[in-house]
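*Asks:* Structure for the following, please:
(2 chains)
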Amino acid sequence: MSGTSEPKVAANARPKDMPQSRGHGPGSQFQGGEKAANFATSARRLLRQLRPERVRIALVLVLSAIGVALNVLGPKVLARATDAIFAGIIGKQLPANLTKEQVIELLRSQGKGDQADMVSGLDLVPGQGIDFTQVGEILLLALGVYALAGVFAWLAAYLTNDIVQRTVYRMREQVADKLNRLPLSYFDAQPRGEILSRVTNDIDNVAQTLQQTLAQIVQAFFTVVGVVIMMLLVSPLLTLVAVVTIPLAAVVTAVIGKQSQKLFKRQWGSTGELNGQVEEAFTGHAIVKVFGRSREVEREFAAKNDELYSAAFGAQFISGIIMPVMFLIGNLNYVVIAVLGGMRVASGQMGLGDVQAFIQYSRMFTQPLTQLASVANLLQSGVASAERVFEVLDADEQSPDATGELGVVTGKVEFSHVDFSYSPDAPLIEDMNLEVLPGDTVAIVGPTGAGKTTLVNLIMRFYELNSGTILADGIDITTVPRADVRGSVGMVLQDSWLFHGTIRDNIAYGRPDASPEEILAAAKAAFVDRFVRSLPEGYDTVIDEEGSNVSAGERQLITIARAFLVDPSVLILDEATSSVDTRTELLVQRALKALRTDRTSFVIAHRLSTIRDADTILVMEHGAIVEQGSHADLLAREGAYWRLYQSQFQGTAVDLEEEAAPAH
Amino acid sequence: MLRLLAKYLRPYWLQILLVCAFQVVAAYASLSLPSLNAKIIDEGVATGDTDAIWANGGVMLAMSVLQGVSQILAVLFASRTAMGFGRDVRAALFDRVLSFSTKEVNQFGAPSLITRNTNDVQQVLMLVFMTGAMVLSAPIMMVGGIFSAIREDVGLSWLIVASVALLAIVIAILIVQMTPLFGVQQTRIDTINRVLREQLTGIRVIRAFVREDHERKRFAVANEDLTATATHLGRRMMTLFPAVMFIMNMSSVAVMWFGGIRVDEGHMQIGQLTAFLNYLMQILMSVMMATFMFMIAPRAAVCAARIQEVLQTEPSVVPPEHGVTEVGLHGEVELDHVDFAYPGAAEAVLHDISFTVEPGRTTAIIGSTGSGKTTLVNLIVRLFDATGGHVLVDRVDVRELDPDVLWSKVGLVPQRPYLFGGTVATNLRYGNPDATDEDLWHALEVAQAADFVRDLPAGLDSPIAQGGTNVSGGQRQRLSIARALVKKADVYVFDDSFSALDVATDARLRSALVPETRNAAVVVVAQRVSSIRHADQIVVLEGGRIVGLGTHDELVASCPTYAEIVESQFQNTEVAA
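*Replies:* Residues are numbered from 1 along each chain as shown, chains lettered A, B, ... in the order given. A predicted model of the protein is given here:
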């Protein structure tokens, strides 16, 4: 629906609502916890991707370390303020004419040993209230420490973001470059959506993972270290209590994590099944209805929906209790510290401020632990995505270009003992020989799957031969750069590929340096000029993705104009069978005929007129040329061509000739 | 979004109430901890009373456990509610889509409907869960925190207002800055997707015209644009955390200073100062949590709107309440002055179409793309309803026929043959579960598919992937024809079903079909003149109107459009010349 905008991730996952889950299996779009097959290797490779950023990373480490250290120092500074205030309060209650030692003596003599201990632990002057100059100084110091901590943390985060974005930029660039070096056979084997999703979704996921984990791991690590050091400095005994929670938290996370992973697996399983069923029912909607299967489909859906409900409930519940359980552990820790700390303050072994600081430390301590638990999950999914990107980067590339020179081609093409197959177990073209003279038109005919398109692909060197050679003007095309071969061959394919841009740019695609006059001439020759003039913006009309502003036939004409402009000496044409309205169809045919004049042309032919006029007809069956010759020769031979002609053209043509005859 | 939530959360009101109750209990327990801690300090530490420390410590322990347990229970009910909600919305969506006619399905597009039924529901469901399990506690904690903090000392409450306001302002500034960037980022992601998709579809053309470098630059520009925006956005996002940390730390320094003064003046005790500090932290944390809600809610809202859009679309084809189930005749189709237009479309797809297909006769429909051929056959099987005139099957208007009766009469072979995941046999039995293996083989023979099925490793039990992607286009088409034949229908509709077959197979199949369809009405949509020239009657469509009706010979002589089609396919003039 045009009126609704896609939600952010959904849109990003599937542009224009196109489901691209084929390669992932059904429903993978929200299986956040995909597992990497080889976690360690892929994680290492992901780290290696960060190598160009090592200076910045080192800087981030230093900045974070300082930031965290300052942050950790904060509570300790604040603790001194608390102590100062506490001392002031206690001091105020004591008689002003006594010294601290006298007060302690006095308290002991009154049997208040506990209080005496406490007072002895405080830095107070009896009778004097809170020393605000001292408190003010401490607080200013604290403020300074926190401000610096903030600045350092911010700098580290800022740099981390840059590191991640630059790394991701490079990864996208690498994949895009890689795609240019991959042989076409790679693209035959991979669904388009799959590749697309690796460059966009997976790299995005890597970005998010890196952004969140890099910052968090560094932060959490330094915080844990810093906090432990500070806690030890404040009170080794209480530290022991706090540290006990680590194994407790670890055990709890491990137990719950294991359970939830099992349940999540089940949830993903049922999600996949449900999505598969929805996909099937909606894609085959008409069949489901007309074959009267709605009720069965609904029943099946209900069962899968219930299964997903119970699986998802279990998974969400179990994973949802990690946080409360961690909170509980944190709170228990808090209680124990409060009680033990209180006892120690009361006995004068510890300052009140230190207890307060310790409580803050223990909070700071449990938080990164919870963080690390969630980071582990995120990392799994990020590395799985990275692995899928690396798979593309690892695919076999086409052989490097040779350095020979082709020069200007006159249009002579030879096939000599050519063997070719797309896959080793299904041989297609075997020992094919052919010689085409400059200016000849070669019509290739035969049933679907006979290898007609393959032949053309080989001339363009889209695929590599198994053996044999193809020669252009007597030069083996594997001894010169691919670009040279392709530069001298023009191609008009059945699917008229145009890119998002103006009609002018689309015509000039093969020769961006063409002058406006040349473009106009090509457009006129291909009958493009006529309909372009009727468009409000003429040659500046932007062809949109759906191509809704130009018809299928007009798109074909534009691709023909594109070939005219390049003016190649060898031409490859795939005569379209697609249904274009009859008037445009005639224009397409006339334009193609004009384009063929004076060029060596290979035509995958569907029209009798083209075939009859061809200098050579190649009849292909099962990858082999079974017959070769002119129309008259081949008809006289009464072989494969004759049979094809009989079944496909002759019947109607003869009828029509008979009907048309009286008119002559 | 609210209406969707209101409607589908209603059955779970009790559980939602429980979630709220447990969150309140958890918040209460959580908030009691700092004040208990204050008591330990004020009643125990300051006075040196160890018993008070132990007593209050015990209460604290109990409160911690209470807090943990209620939180877990809240998660339990929240996940039950959210998952139940998700299940119900999925079911409602699925049922609604099944009740749609092809018109509504096309309007949304099957892929979009799939996304809505799966991914979109998941987004909204996660919002419900997160709200119940976490976000809901934020306002409770905030209110409770403010209340408790004020109870400790009213004089310091202005500090709460100031800190919350400061935090809110900083967050608001960042969000205001980030929101447009999110939009820009999305368009740039779309651009990079588009460029890449173009490069993948056009890879042959790009390589043929040796424009790899140009395309590489085009991608690099899109990549740079996206990276620039993502970097800006990321920098702001990364500012959030340090900024919040700083504000929280600043507030605690402020509390110490102003609190110190209050303590000195005797308005509050030192333990209360510590408690106040703790409350303030909790309040600020809940403001953060609320921000989280702001982040996830807009996305879920978009998803909810997309779900609502489907749920609020009424199916245009509604089965009759008491459909006709008994018909006397078998195998006749009549179109009587039929019009069809999409709602709101300026141009009707079909105008005033009338013709009759008699039992045992074949009617072919030909015309260029967009002439309305597929729409026409979809009217016969009632995937659409005519907007004018009548479509009659066996002399009963299809709108009055019981859908099960109508669909049991018709064997449809759609333009794009769709096979279901399963085996060859389960696909063939799709319209007739009781068919025997012999029936299946017979249908396969007629459809010219027996040979290749026999060659499959497991024959009829060979697996078929979802959508039939593991067999070739031609094989899929033939299996789809066999599937329709297994139904033994009274009316067969072949919507351009022979296009992927080579000419010889096409011819064999058509001659094998003749005895099969002896008593049935056959409607064939075709592109190739050669495959329909022997039909009993040919309907020529152009621009949604019938411009010719008759046999091949009649039409060649009388119908210019037909003659033009024949000419373009056979180059009559050149052959004749």
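*Asks:* Which residues are in contact with B:T517?
*Replies:* B:G360, B:T362, B:Y492 (Cβ atoms under 8 Å, 6 or more residues apart in numbering or on different chains). (C-beta placed from N, C-alpha, C; glycine too.)
*Asks:* What's the first helix or strand after the lowest-mean-pLDDT helix or strand in chain A?
*Replies:* For chain A, counting by mean pLDDT, DSSP states H and E, helix A:8-13 ranks last in confidence among helices and strands (a mean of 33). For helix A:8-13, the following helix or strand on the C-terminal side (DSSP states H and E) is helix A:39-49.
*Asks:* quick check: mean pLDDT across that next one?
*Replies:* The predicted model assigns helix A:39-49 a mean pLDDT of 86.
*Asks:* What residues sit buried inside that helix?
*Replies:* By neighbour count with 16 or more other Cβ atoms under 10 Å in any protein chain shown, helix A:39-49 contains the buried residues A:S42, A:A43, A:R45, A:L46, A:Q49.
*Asks:* between the contacts of B:T517, which is closest to A:V297?
*Replies:* Closest approach to A:V297 among the contacts of B:T517 (Cβ to Cβ): B:Y492, at 23.2 Å.
*Asks:* Stretch A:563-581 - what's its average pLDDT?
*Replies:* Here the average pLDDT along stretch A:563-581 is 75.
*Asks:* ok, now stretch B:333-345?
*Replies:* 84.
*Asks:* what ranges do the strands span in chain A?
*Replies:* Under the criterion DSSP state E, chain A contains strands at A:413-420, A:429-436, A:441-445, A:467-472, A:475-476, A:489-492, A:501-502, A:542-543, A:570-574, A:600-604, A:616-621, A:624-629.
*Asks:* quick one: B:G44 and B:V59, what's the gap?
*Replies:* Distance, B:G44 to B:V59, by Cβ to Cβ, to the nearest Å: 12 Å.
*Asks:* who has more neighbours, these two?
*Replies:* Each of B:G44 and B:V59 has its neighbours counted (other Cβ atoms under 10 Å in any protein chain shown); B:G44 has more, 25 against 15.
*Asks:* That one contacts B:M60, doesn't it?
*Replies:* No - with contacts counted by Cβ atoms under 8 Å, B:G44 stays clear of B:M60, the gap being 11.6 Å.
*Asks:* what sits against B:G234?
*Replies:* By Cβ under 8 Å, 6+ apart, the contact set of B:G234 is A:N161, A:V164, A:Q165, A:Q211.
*Asks:* which ones among these come in contact with chain B?
*Replies:* Residues of these in contact with chain B (Cβ under 8 Å from any Cβ of the partner chain): A:N161, A:V164, A:Q165, A:Q211.
*Asks:* and the residues you listed, which of them are in helices?
*Replies:* Using DSSP state H, the members of the ones next to chain B among the contacts of B:G234 that fall within helices are A:N161, A:V164, A:Q165, A:Q211.
*Asks:* right, and the pair among these with maximum separation?
*Replies:* A:Q165 and A:Q211 (8.4 Å).
*Asks:* still on that earlier bit, okay if I get the contacts of B:G234 as a markdown table plus pLDDT and neighbour count?
*Replies:* As requested, the contacts of B:G234 are exported to a markdown table (pLDDT from 0 to 100; neighbours: other Cβ atoms under 10 Å in any protein chain shown):
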| residue | pLDDT | neighbour count |
| --- | --- | --- |
| A:N161 | 91 | 25 |
| A:V164 | 92 | 26 |
| A:Q165 | 92 | 23 |
| A:Q211 | 81 | 22 |
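*Asks:* who in the stretch 401-550 of chain A is up against chain B?
*Replies:* A:447-448, A:460, A:462, A:482-483, A:486-487, A:489-491, A:493, A:495, A:497, A:499-500, A:509-510, A:512, A:545.
*Asks:* Closest one to chain B out of the buried residues of helix A:39-49, please.
*Replies:* Nearest to chain B, judged by Cβ to the nearest Cβ, of the buried residues of helix A:39-49 is A:Q49 at 14.8 Å.
*Asks:* What about the closest residue to the closest one other than its chain neighbours, how many residues nearby?
*Replies:* Among residues not flanking A:Q49 along the chain, A:T167 sits closest, at 5.6 Å (Cβ to Cβ, 6 or more residues apart in numbering or on different chains). By the measure other Cβ under 10 Å, the count of residues near A:T167 is 21.
*Asks:* domain assignment for the chain?
*Replies:* Reading this off chain A. By the assignment in automatic domain parsing, chain A contains the domains A:43-233, A:236-349, A:413-657.
*Asks:* nope, chain B please
*Replies:* According to automatic domain parsing, the ranges for chain B are B:1-136+B:299-316, B:340-576.
*Asks:* What segments of the stretch 101-250 of chain B are helices?
*Replies:* B:102-108, B:110-115, B:121-130, B:137-152, B:157-201, B:203-208, B:212-264 (DSSP state H, counting those that start in this stretch).
*Asks:* export these to JSON lines and tack on distance to B:Y12 and mean pLDDT?
*Replies:* Listed next are these as JSON lines, based on distance: least, Cβ to Cβ, whole Å; pLDDT from 0 to 100:
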{"stretch": "helix B:102-108", "distance to B:Y12": "28", "mean pLDDT": "82"}
{"stretch": "helix B:110-115", "distance to B:Y12": "25", "mean pLDDT": "80"}
{"stretch": "helix B:121-130", "distance to B:Y12": "9", "mean pLDDT": "88"}
{"stretch": "helix B:137-152", "distance to B:Y12": "18", "mean pLDDT": "85"}
{"stretch": "helix B:157-201", "distance to B:Y12": "31", "mean pLDDT": "85"}
{"stretch": "helix B:203-208", "distance to B:Y12": "51", "mean pLDDT": "83"}
{"stretch": "helix B:212-264", "distance to B:Y12": "34", "mean pLDDT": "89"}
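*Asks:* can you pull the contacts of A:I217?
*Replies:* Per Cβ under 8 Å, 6+ apart, neighbours of A:I217: A:L372, A:V375.
*Asks:* Model confidence at it, what's the number?
*Replies:* 83.
*Asks:* Flag every buried residue along stretch A:529-546.
*Replies:* Buried, per 16+ other Cβ under 10 Å, within stretch A:529-546: A:D529, A:F531, A:V532, A:Y539, A:T541, A:I543.
*Asks:* Of these, which is the nearest to A:V297?
*Replies:* Using Cβ to Cβ, the buried residues of stretch A:529-546 come closest to A:V297 at A:I543, 40.0 Å.
*Asks:* For that closest one, which non-adjacent residue is spatially closest?
*Replies:* A:L498 (5.0 Å).
*Asks:* Give me the distance between the one you found and A:Y509.
*Replies:* Using Cβ to Cβ, we find A:L498 at a distance of 8 Å from A:Y509.
*Asks:* Check B:M178 too.
*Replies:* Taken as Cβ to Cβ, the span from B:M178 to A:Y509 is 39 Å.
*Asks:* between those two, which one's more packed in?
*Replies:* A:Y509 (24 against 19).
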